[in-house]
Structure formats: C-alpha cells, structure tokens
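Q: got a sequence here, can you model it:
(2 chains)
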Amino acid sequence: MTNPKIITKVNSVMHQGFEIPLEKLTPEATLFTDLGLDSLDAVDMLVHLEENIGIKVDGEKLMSVRTLQDVYTLVDELSSQPGVEAKLEH
Amino acid sequence: MSGSSRFDVVIIGSGMASLTSAALLSKKGFSVCVLEQYSKVGGYLHCFSRFGHRFDTGAHYTGAMGPGQPFHTLLRYLEAYDESLFVPLDPEGFDVFRFPDFEFQLPKGYEKTIERLTKFFPSEREAIRTYFERVKAVVKLFPTYEFTDDALDPVQLIAATETSLATVVEKLTQSRSLRAILYSHCTLHGVMPQEISFGLHAIMVDSLIRGPYGFAKGGDALAQKMVAVIQKNGGTVLTKKKVTRIETMNKIAQAVHTDSGDRYEAKWIVSGCHPKATFRMVDDPGIFSPAFRQRLHTLKETIGIFGIYATHQAPPQFDRLKNYYYFESAEPEKMLDLNRKSDAKPGLAFICPSERIAKSTGTQTLPISIHAACSVEWYKPWIGTAWNKRPHEYHAAKNAYANQIFDFLDQFHPQLKTRIDHFETSTPLSNLYFNGSEEGSAYGIYHSIQNTGARALGPRTHIPNLLITGQNTLFPGILGAAVSALRSAGHICGIKPILKELKELAQ
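A: Numbers count the residues shown, from 1 in each chain, chains lettered A, B, ... in the order given. So this is what the prediction gives:
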C-alpha cells in the first residue's frame, strides 16, 4: 500500500508539471498512452520529481516505469532518503 | 533586405558543432544553410590578432587527433582533415600541472603516463594502473566516440555516467597529491570531481593521453576548412545573420527569422546556440511543459573565464608545445576554484602558447593566453553594453583582476609581468558578445551527473524537427562539440551507417 501523501504529492507534481487534469491521474494510467507523455517528457518528469520531492533516482530505474502506480512505488521506495519527508508535507 | 529561402536543414551558429553538423549533412546530400550572428564563422574557434601575433580564444588544444583516433577519423570522413592544421604537442609532457610544492608533466600514451605517475607515487602502482584501465574501458561504452553501433548495455552506460570521478578516485587511492593530479583536467570542463560523470571525464582524459595536438594555424583555420567543405558539398554559410525567432506551427518548426528580416524555411533546424537561448527563440512557449521550463530555468551554468592575451619577451619561459596549469593548492577539495562567486582572488590559472609554431627560426616574442576562473557577476553593470564602447570603470575592473592573476602566477614565475610587453584582456562579457554564451559561461551548462547521460538535454527537443547540438548537449571542448554534432546530424540522416563507415575508416 503506497503512502497516500506520496500519491497526493506525485499527482500534484504531474498536474502542475504537465498540466494533466487530476481526474486522469489514476494508478493504472500509463504514462505514454493514457497521460500522453513521450520519452523526453519522461526525463523531464524524473528531474521534476527529483526537484520537487527531493529524491535521487538511478536513471536505470526509469526504464521499468510504465504506469503512474510504478511512479508511486518508485517514489515510495526512495522516500526514506534525507529531506523527502519534509517535502511531502508541502 | 528581407526575403525567404528554403533548405532541408538550417543550422543556427557556426561553432565546431554547427560546422560539423553542416559538413556531415551536406555530405549526405541535404541542402544546408549555416547562419552565424557574428561577422566571422567559428564560435570558440575564433582567433584574433594583436601586437603582431595571433591569439586563440577558445580552441587551445585538442585530443584524439592521432592517426585512426576518433577526431582525426571524423575530420577525414568529412574530408575536412588537413595535416598542416595540427601540430603534435610534446609527447614527453604536453600538460604541465604545477602545484605550490611539486610539478607533474603528463606525457602522451597510457604506458608512459602510468610509468611516470608510478615513479612519483611508487606505493600507488595498483591504483594508478586500475584508474587508467577503467578510463580505457569506460570510453568504449560511448558509441559516438568509439564509433561502435553494437548493442550496448544501457545499464552499464547509465552506471558509467552516473558515477562521479571522485567516487572512482577516492576508492582507489588515499594519496591526496595523486588525487590532485587526476583532478587537474576538471579545469577543462569546469565541473567539480564530485559532480562530473566519470564517463565524460574519461573521454577527455583518453582523448588527450592518446592524441594531444595543438592548432598549427589557430582554430580559425579549421573553421575555414570546414566552411570550404560545406560549400564544396553545395551548402551555404552566411555571416551577420542573427537568428531571433524560430517559427512554429502545430508544434513543428517551420522556419527561422533573422534580425535583418530574412526568413529561412527548413524541414529541420539544428541549433548550436545554448539550449536556453534556443528555446527562448521559439515563438510558441506553450509547446514546452511547465516541468521542462522549470528544468531549463534551474540548469546551472559553468564558470566564466577571464583571459589575458599577452606577448612574452624572449627568451620565453614557456614551451610552445606544452600547456601549463597552476593551482594554489594541491588539496583535492581546494585546488579547483570552479564555483566561485565573490572572492576576487584567482586560485588557478592556465597558460597556453598561442602560436604553436614559431614564425621564423631564432628566439622571439611568444604570444601566450592566460586564463583564470571568474564570475560574470563581477561585470554585471556592463552587461548589454557594446563590446568596444564600455566605460573606464569596466577597463579598470579588468586591469585589477589581470594584476591579481599576475600576482598569483608570481609564485610560479617570479616577475612574469615584467616580461610581458603588451597584453589585452577579455571577460565573460566578451564571450557573451561574440558567442552568445549564456551568462558568459565558458563551458555552457554545468555538466554535473544531474545533467548527464539519460538526463542530458538534446539532441532531440520537444519540437520533433528542432535539434540542439554543441558542448551543452554532451561535453565541452572542440572534440565534445564535434561528437555531439555526430549525434545531432545522425538523428536526421541515420547514425548507424555513419558509425559503421567511421569504424571502417578508423581501422
């Protein structure tokens, strides 16, 4: 079960960063088909998540991300990194 | 005069990456048009004449230029190689690293380098050999440097680009002096050892150790040779054409517009300008997501460079075929003064003879370029003023810093200033004026791990037929720019057959 704070934060970052309507941001939504991102957007997303949530992601991890749930899971796994907790509150 | 022309590819800027893109695409049958804002082509290849001598501005030396090596092969492939343009630097010691208490001269060739370093640091034999073995191994992962189109392991490549130079070196050796020597070349990309990708640093080191060459007739001569190739291939190269707008329709680039009112229509646009400058020219900013705009906005720039172009009296203290690096400290944490903002005292300097070949035999005056890190912030009041119309205060600020650089160098070359007949100086504002460099930065985007590999900008952009090229997209230097062009142009004409042809040519 993903921490709800993470879901809210990731959704907010996706909404603000890519102007995707909040109702489209469901766990099963695929980044490329449902959310209309492309491979360049995926890199922007990675950097945007890192900037806004304070996580550091290994580039190779991005290769296995397909759905928004995969993003939640990835952020969840990395949320114990220093400083992340504080950013999740804002 | 205004008008409209149509080309397959319009290339913005005429630095090394733009010229390489144009030469490659025109060779492949594309109609190309290069648009340069300044009155001369070349970007960082520019030279200028003062006091009866030629001075290079950005292109001081290069690597991988030995027969069969990547840069040499690429120029041969483009039919732009001319032996008379290059001069091999001193194989016994082409780079001289000087610290307050010791000096190390880097020779050409891996074995000689390992042997010399081992003599210096006998107890570090294993560390030294392992370091250079890792450099040699990691460069093989970069297809556009090693010209391999074999399937690469992306995980291995990502690991190589996301590991820092310091991470590799600190695991290998505790010797602080050895670390200092291995970090000296960070001066050439302007990124701290803790932040530069080991892979990128390794390409720079590998290219220099294998094939260090200077420009026999200055960087200008290489730019001119490239222009001749482009024109022979049917391409067009125009100067004094400053692109001010990239016209788009439905998120596709249609044409570029210049300040003189000309419109150049193209199927593809390749920009050698800084990415921030390139995207500012796009007429519809709505193409870019807020996430991308924020990412671009937060990208840090490398330091600016202050230049002193001087004539040094005979007999010279410098060898024409060597480059000299000076560090105020041999402490790995203190030696690289690259993130400075306010402290006006220089902590490192680079000296490079500008004319690698003497005009005639006998002892004579030697033109040298002296460079030191500086911040554009120091010259902020004069941003936007014309290059040759700046007030007395600007020149006074320049002279003050030039004197501090001479004072810093005094510990290595006592009385250096008294042996200088004439000198002229440049600041990041000169770079801003002549090259449109963002914030006057010397090496463009700060190529930290955060901006490298999967996270690097370009060559593709959010506009499918707009590509970016140059040092900002890969790594700094003439070689980095040329290799980046291979990727950008390769995106248009297909990279795999080119890599195959290059590989065959290299053998």
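Q: tell me the spacing between the residue lying farthest from the centre of chain A and B:Phe102.
A: Most distant from the centre of chain A: A:Pro82, at 17.6 Å, with distances by Cα atoms, centre = their mean. Going from A:Pro82 to B:Phe102 by Cβ to Cβ, to the nearest Å gives 39 Å. Where C-beta positions appear, they are placed from N, C-alpha and C, glycine not excepted.
Q: for B:Ile468, same thing?
A: In this view, B:Ile468 and B:Phe102 are 42 Å apart by Cβ to Cβ.
Q: give me every residue that touches the residue of chain A found nearest chain B.
A: Residue nearest to chain B within chain A (Cβ to the nearest Cβ): A:Gly17, separated by 3.2 Å. Taking Cβ atoms under 8 Å, 6 or more residues apart in numbering or on different chains, we find A:Gly17 in contact with A:44-45, A:48, A:52, B:289-291, B:294.
Q: 10 Å instead?
A: Contact analysis of A:Gly17 by Cβ atoms under 10 Å, 6 or more residues apart in numbering or on different chains lists A:41, A:44-45, A:47-49, A:51-52, B:289-295.
Q: so which of the residues you listed sit within helices?
A: Per DSSP state H, helices hold the following members of the contacts of A:Gly17: A:41, A:44-45, A:47-49, A:51-52, B:290-295.
Q: what ranges does chain A have for its helices?
A: A:4-18, A:39-53, A:59-62, A:68-78, A:84-88.
Q: of all the ones you listed, which lies closest to B:His371?
A: helix A:39-53 (31.6 Å; Cβ to Cβ).
Q: what about the closest one, near chain B?
A: Yes - interface with chain B: helix A:39-53 contributes A:39-52 (Cβ under 10 Å from any Cβ of the partner chain).
Q: any chance of TSV for the residues you listed, columns neighbour count?
A: Listed next are the residues of helix A:39-53 next to chain B as TSV, based on neighbours: other Cβ atoms under 10 Å in any protein chain shown:
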residue	neighbour count
A:Ser39	11
A:Leu40	16
A:Asp41	20
A:Ala42	15
A:Val43	19
A:Asp44	24
A:Met45	25
A:Leu46	22
A:Val47	20
A:His48	22
A:Leu49	23
A:Glu50	16
A:Glu51	17
A:Asn52	18
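Q: of the residues you listed, closest to B:Tyr309?
A: A:Val47 (39.2 Å).
Q: ignoring the adjacent residues along the chain, who's closest to that closest one?
A: B:Arg295 (4.9 Å; Cβ to Cβ, 6 or more residues apart in numbering or on different chains).
Q: before we move on, back to that, could you dump the ones in helices among the contacts of A:Gly17 to JSON lines with distance to A:Val10?
A: What follows is the ones in helices among the contacts of A:Gly17, written out as JSON lines (distance: Cβ to Cβ, whole Å):
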{"residue": "A:Asp41", "distance to A:Val10": "15"}
{"residue": "A:Asp44", "distance to A:Val10": "14"}
{"residue": "A:Met45", "distance to A:Val10": "10"}
{"residue": "A:Val47", "distance to A:Val10": "14"}
{"residue": "A:His48", "distance to A:Val10": "10"}
{"residue": "A:Leu49", "distance to A:Val10": "7"}
{"residue": "A:Glu51", "distance to A:Val10": "13"}
{"residue": "A:Asn52", "distance to A:Val10": "9"}
{"residue": "B:Pro290", "distance to A:Val10": "15"}
{"residue": "B:Ala291", "distance to A:Val10": "13"}
{"residue": "B:Phe292", "distance to A:Val10": "18"}
{"residue": "B:Arg293", "distance to A:Val10": "19"}
{"residue": "B:Gln294", "distance to A:Val10": "16"}
{"residue": "B:Arg295", "distance to A:Val10": "17"}
